[in-house]
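Engineer: just a sequence and a predicted model for now, questions to come.
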Amino acid sequence: MEFTVRAMERGDIPRILMIENCSFPSPWTYQAFSSELKNKFAVYFVVLADNEIVGYAGMWLCPGEAHVTTVAVHPEFRGRGLGKLLMKTLIEYSRVRGAATMVLEVRPSNVAALNLYKSLGFRQIGWRKNYYIETREDALVMLRNLQQETFLKQRNEKR
Ligand SMILES: CC(C)(COP(=O)(O)OP(=O)(O)OC[C@H]1O[C@@H](n2cnc3c(N)ncnc32)[C@H](O)[C@@H]1OP(=O)(O)O)[C@@H](O)C(=O)NCCC(=O)NCCS
């Protein structure tokens, strides 16, 4: 099976909503994705398995900082490295555009997501109280430094 990543398009939204609805307790609506695709600070990617969308991820890319807004993989395609592939795509896209840090929020109970982020070098920097309105759960805030990686990469390329 071949996996490819490309930018999200408006026509992808119905398929994305199917994955969204079985991935999150408070799924985003069609309008939420549609307005994100018009947001000049937002960047969204999808991953396809043999031409069918099986996952997506997005972020807000502001000067200096990237903020992950979502990542999800279809339940039947989890555990195959696609979450990591999507996150690496966000990281590389942000790093090349000069972001110094990447930040995200995650439920402390979401072991799969926590392990995914830890495996990519994110570390906990704090909490946001009652962040998830529907369950009144706190969010764990995680950060990965991208600036140091850019510096090291440039230094190694010069050698
Ligand atoms: C979180 C999510 C995107 C991970 O996607 P995935 O494609 O299954 O993840 P990957 O196969 O790329 O796994 C990457 C790492 O995540 C961790 N991981 C993934 N699934 C896991 C699970 N069920 N239990 C524990 N760790 C898990 C592992 O550390 C793995 O690293 P490894 O391959 O070195 O072992 C997916 O579970 C999902 O869509 N969940 C619902 C939506 C969600 O919670 N999104 C995150 C919101 S913060």
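Structural biologist: Perfect, I can see it now. Computed from a predicted structure; not experimentally measured.
Engineer: use CA for all of it now, contacts and neighbours both
Structural biologist: Will do.
Engineer: where in this structure is pLDDT low?
Structural biologist: 149-151, 153 (pLDDT under 70).
Engineer: which positions in the longest helix along it come out as buried?
Structural biologist: Across the chain, the longest stretch assigned as helix under DSSP state H is helix 82-96. Neighbour-count burial for helix 82-96 flags L82, G83, K84, L85, L86, M87, T89, L90, I91, S94, R95 (criterion: 16 or more other C-alpha atoms under 10 Å).
Engineer: just how off-centre is that helix within its chain?
Structural biologist: 8 Å (C-alpha atoms, centre = their mean, to the nearest Å).
Engineer: which strands and helices sit next to it?
Structural biologist: On a contact count with 3 or more C-alpha pairs under 8 Å, 6 or more residues apart in numbering; DSSP states H and E, helix 82-96 meets strand 42-49, strand 52-62, strand 65-73.
Engineer: for the longest one, which outside residues touch it?
Structural biologist: Strand 52-62 has contacts (C-alpha atoms under 8 Å, 6 or more residues apart in numbering) with 8, 12, 15-16, 19, 41-48, 66-74, 77, 82-83, 86-87, 90, 94, 99.
Engineer: now restrict those to buried residues only.
Structural biologist: Applying 16+ other C-alpha under 10 Å to those, the neighbour count classes 8, 16, 19, 42-48, 66-74, 82-83, 86-87, 90, 94, 99 as buried.
Engineer: can the longest helix of the chain be said to contact the ligand?
Structural biologist: Yes - contact of helix 82-96 with the ligand (C-alpha under 6 Å from any ligand atom) involves L82, G83, K84.
Engineer: let's have these in TSV, adding distance to P25.
Structural biologist: Below are these laid out as TSV (distance: C-alpha to C-alpha, whole Å):
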residue	distance to P25
L82	21
G83	19
K84	22
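Engineer: write out the residues of this structure neighbouring the ligand.
Structural biologist: Counting by C-alpha under 6 Å from any ligand atom, the chain comes close to the ligand at 23-24, 71-73, 78-84, 106, 111-113, 115-116, 119.
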